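J.: Could you look at this predicted model? Sequence included:
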Amino acid sequence: MDYQLERTRLVEWLRLQMIGPATVGETLQGITPIERYPCAKLYPVVNDEEGVDPAGEPDEEDEYTPYGEEDNTGGLAQETVRPRRYVAPSAVGFSFFARGEDIQFQVRCSSVRYVRVGERNEKGQFGRLEFERISLGGDEEAVTFTASNRVDVLRDSNGDYLAGLDVQWRPYADGWIITVSLFNKQIWKESEEWDERANRTLFEVTLNCFIEQSAVGDYPRVEYSLLNDEEQEIELQYKDHRIYAIGHGAAVDWHEKEGKVTEIFSDFMPVVEVPQVTADVAGDDNKILQMSYLAKCQQSTEEIVTGLDEFVSNYAHWVSDQQSTISSLVAHEAKAAKRITDRMEQTLKRMRSGVKLIANDATATLAFSIANRAMFDQMRQVDAISGEVKSDDKYAWRPFQLAFLLTVMESSIRDEDKFRDIVDLIWFPTGGGKTEAYLALIAFLIVWRRLTHSSSGGGTVVLMRYTLRLLTTQQYLRAARLICALDIIRQKTPELGAEPITIGMWVGAATSPNTFKAARDQVDKIAAGKQEAAQSLVLDACPWCGQRFVGIRHYIAKPNVFKFCCTNDKCQFGKTEQGIIPCNVRLMGSGLTFHIVPREQSEM
């Protein structure tokens with residue numbers, strides 16, 4: 001399959017759905033064009049409209065009728081005017097920088113208007129919603145500019161111009177900053193019918209500027225001294241990225257030919273192909289990245305520490321290479337570069353501290369070993385469920401994941417560490433391995449607490465919070481496999497205590513039961529044959545062996561207890577007496593869970 005072709009088709013289909021026309025020779029029926037097409041439209045200017053707070057409370061006597069629904073006379077119902085600061089856009093444009101003695105360019109614009117058509121009743125009112133599409137502008141109305149000017153464009157069948165084209169030149173350095181704008185010059189009064197607003201709105205708006213004579217240069221950057229430290233660093237990192245124009249009211253893009261800009265145009269639905277980012281680097285086959293190898297750290301501490309030292313030294317060489325480039329930068333760029341490399345040096349020191357922690361602290365060594373064993377076990381278990389068989393060396397860290405773990409280990413367990421209050425965030429595209437790195441740290445902390453606080457280390461260690469309901473559920477399931485792996489290790493490791501390592505989830509009632517009674521109600525529905533009720537309990541299968549939960553035998557639901565059970569006798573949990581899985585959808589537990597005392601005994 002040609003994925004690039006299929007992706008292009010998808011983008012074009014989406015553009016037609018968002019901007020129009022969705023179908024050839026379109027006549028809209030049953031919906032207004034304003035509702036149908038959300039992009040690339042310029043509204044008429046609203047006479048005497050005031051912008052006020054959209055969050056303000058409407059008058060109690062206001063009765064809201066959605067725009068677009070027909071009233072009993074066959075006309076469009078008028079939407080109650082709500083207080084708002086937002087004023088619908090009536091103009092679009094862009095600015096660019098050009099130099100030369102004889103600057104000349106041609107501007108082409110086009111749009112579409114929808115006019116209400118159809119049969120009228122004896123009162124002159126339309127019987128149904130129906131709009132005819134009419135094209136405006138194009139090549140025949142293209143205008144050439146050599147100086148600031150304003151002209152009328154987009155003439156309708158009556159010879160009336162519906163829009164204006166404004167070009168402004170402002171001297172700057174050795175050239176001009178030129179702003180090209182297209183604006184809807186029609187006026188709509190709030191006392192008029194709503195279908196008149198649709199009639200006077202311009203759709204499928206395009207604005208193109210073809211450079212005939214002149215050289216388009218980089219658009220002036222913001223004065224460097226006005227930028228804060230972060231903005232200066234971003235400027236440095238993207239200094240080779242060319243920006244030829246900025247958009248007003250919409251994005252802007254351009255075409256180049258033989259290194260020269262030939263066309264600049266507004267784009268209401270910009271598309272850019274983001275190059276694929278990989279976490280792979282030279283030496284990814286290094287043994288020190290293998291989880292099964294690092295899991296032997298307690299037995300081969302000296303050998304593994306030597307490997308970790310070498311791993312960190314490779315990062316140090318890269319940092320040194322970056323520092324060597326600073327001398328080639330101008331003064332203000334060098335300051336920004338120095339701040340960046342200083343943070344690299346800081347991270348390097350923290351990574352070395354992490355290696356020393358493993359080398360000199362037996363408890364940290366064991367916690368590091370068990371964390372890697374748990375990550376290895378849960379990854380291998382996922383593949384085993386799907387029938388995929390891999391050799392142990394295939395389960396390996398990406399370099400940034402291991403680097404992150406080494407960086408944050410000491411600050412995560414030492415209250416006096418100077419980086420204790422720093423939030424260390426992994427910034428990487430989706431699918432790059434952020435979650436695995438975070439889970440490794442979670443495993444390390446859970447084990448560390450149990451090893452160092454035998455009597456109290458079984459409480460809550462980590463709180464994970466996600467802003468999206470679906471993401472919360474997905475990440476809960478991913479973390480559940482790690483907790484299962486850790487609890488299996490705990491059963492064989494007396495130092496980790498007798499209290500199970502568990503995970504819990506506390507969300508709203510729309511996602512999972514919030515009381516024991518609500519959970520029992522769902523189990524009763526499952527007993528009555530309504531298997532879909534299992535979805536509301538979050539887990540519908542054993543996170544370790546993958547056995548699906550069918551029927552009530554997979555649940556213990558009592559007035560003050562709710563547990564998930566596995567009945568697979570080949571599963572590490574299913575072969576136990578009760579088959580209890582260390583996963584909860586309630587407020588209390590230990591390990592990775594919410595350890596909150598409920599107000600009422602019946603709460604979950």
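T.: That came in fine, so what should we check first?

J.: Strands of the stretch 101-250 of the chain, residue ranges please.
T.: All strands of the stretch 101-250 of the chain, identified by DSSP state E, counting those that start in this stretch, fall at 130-137, 143-145, 149-155, 161-172, 175-184, 187-188, 203-217, 245-248.

J.: tally of neighbours for Ala250?
T.: Using other Cβ atoms under 10 Å, Ala250 has 21 neighbouring residues. Using the backbone N, CA and C atoms, a C-beta is placed for each residue, glycine as well.

J.: lowest confidence element among the helices and strands of the protein?
T.: In the chain, the helix or strand scored least confidently by mean pLDDT, DSSP states H and E is strand 591-592, which has a mean of 44.

J.: element containing the residue most central in space within the chain, please.
T.: Centroid-nearest residue in the chain, with Cα atoms, centre = their mean: Thr430, separated by 8.4 Å. Taking DSSP states H and E as the definition, Thr430 sits outside all helices and strands.

J.: next one: the one 5 residues further on
T.: Per DSSP H and E: Thr435 is located in helix 434-452.

J.: For Asp174, give me its contacts.
T.: Arg99 (Cβ atoms under 8 Å, 6 or more residues apart in numbering).

J.: what about it, distance to Lys390?
T.: 62 Å (Cβ to Cβ, to the nearest Å).

J.: Also Ala88?
T.: 57 Å.

J.: What of Asp156?
T.: 67 Å.

J.: So, low pLDDT: which residues of the stretch 351-500 of the chain?
T.: Along the stretch 351-500 of the chain, no part satisfies pLDDT under 70.

J.: Could you pull out the strands in it for me?
T.: So, for the stretch 351-500 of the chain - with DSSP E, counting those that start in this stretch - there are no strands.

J.: Quick one: residues contacting Tyr466.
T.: With Cβ under 8 Å, 6+ apart, Tyr466 has these contacts: Thr472, Gln475.

J.: which stretches of the stretch 101-250 of the chain have low pLDDT?
T.: In the stretch 101-250 of the chain (pLDDT under 70), the answer is 120-127.

J.: Now Ala251. Nearest residue, chain neighbours left out?
T.: Closest residue in space to Ala251, ignoring its immediate chain neighbours: Pro270 at 3.9 Å, by Cβ to Cβ, 6 or more residues apart in numbering.

J.: Let me know the helix or strand that that neighbour is in.
T.: Pro270 belongs to no helix or strand, assigned by DSSP H and E.

J.: count of neighbours near Leu129?
T.: The burial count for Leu129: 21, using other Cβ under 10 Å.

J.: Can you give me the distance of the spatially closest residue to it that is not a sequence neighbour to Leu470?
T.: Excluding its sequence neighbours, the residue lying closest to Leu129 (Cβ to Cβ, 6+ apart) is Gly30, at 5.4 Å. Relative to Leu470, Gly30 is positioned 32 Å away (Cβ to Cβ).

J.: One more: Tyr244?
T.: Taking Cβ to Cβ, one finds Tyr244 at 40 Å from Leu470.

J.: pLDDT wise, what is the residue nearest to Leu129 at?
T.: As predicted, Gly30 sits at a pLDDT of 85.

J.: The one 4 residues further on now?
T.: As predicted, Ile34 sits at a pLDDT of 92.

J.: is it true that it touches Glu196?
T.: No. Ile34 sits out of contact with Glu196 when judged by Cβ atoms under 8 Å, with a separation of 11.6 Å.

J.: Among these two, which residue is more densely surrounded?
T.: The residue with more neighbours, out of Ile34 and Glu196, is Ile34; 20 against 15, by other Cβ under 10 Å.

J.: Name the nearest residue to that one, ignoring sequence neighbours.
T.: Nearest residue to Ile34, sequence neighbours excluded (Cβ to Cβ, 6+ apart): Ala198, at 5.3 Å.

J.: The one you found touches Pro33, doesn't it?
T.: Yes. With contact defined as Cβ under 8 Å, Ala198 reaches Pro33; the gap is 5.6 Å.

J.: Overlap in contacts, these two.
T.: Contacts common to Ala198 and Pro33, judged by Cβ under 8 Å, 6+ apart, are Tyr114, Phe131.

J.: Looking at those two, which one has more neighbours?
T.: Set Ala198 next to Pro33 and count neighbours by other Cβ under 10 Å: Ala198 wins out with 28 against 23.

J.: Can you tell me how far that one is from Tyr466?
T.: Relative to Tyr466, and taking Cβ to Cβ, Ala198 is found at 41 Å.

J.: Quick check, Val507 in contact with Thr467.
T.: No. Contact criterion Cβ under 8 Å: Val507 and Thr467 do not qualify, at 11.6 Å.

J.: who's more crowded, those two?
T.: Neighbours per residue, other Cβ under 10 Å: of Val507 and Thr467, the larger number sits with Val507, 16 against 6.

J.: and the more buried one, what does it touch?
T.: Neighbour list for Val507: Arg469, Thr472 [criterion: Cβ under 8 Å, 6+ apart].

J.: Against Tyr172, how distant is Ser455?
T.: 71 Å.

J.: between the two, who's got more neighbours?
T.: A direct count of neighbours by other Cβ under 10 Å for Ser455 and Tyr172 places Tyr172 higher, at 13 against 6.

J.: The more buried one pairs with what?
T.: Following DSSP bridges, Tyr172 is listed with bridge partners Gly175.

J.: So it sits against Pro220, correct?
T.: Yes. In this structure, Tyr172 is within contact of Pro220 by Cβ under 8 Å, at 6.6 Å.

J.: any common contacting residues for the two?
T.: Contacts common to Tyr172 and Pro220, judged by Cβ under 8 Å, 6+ apart, are Phe97.
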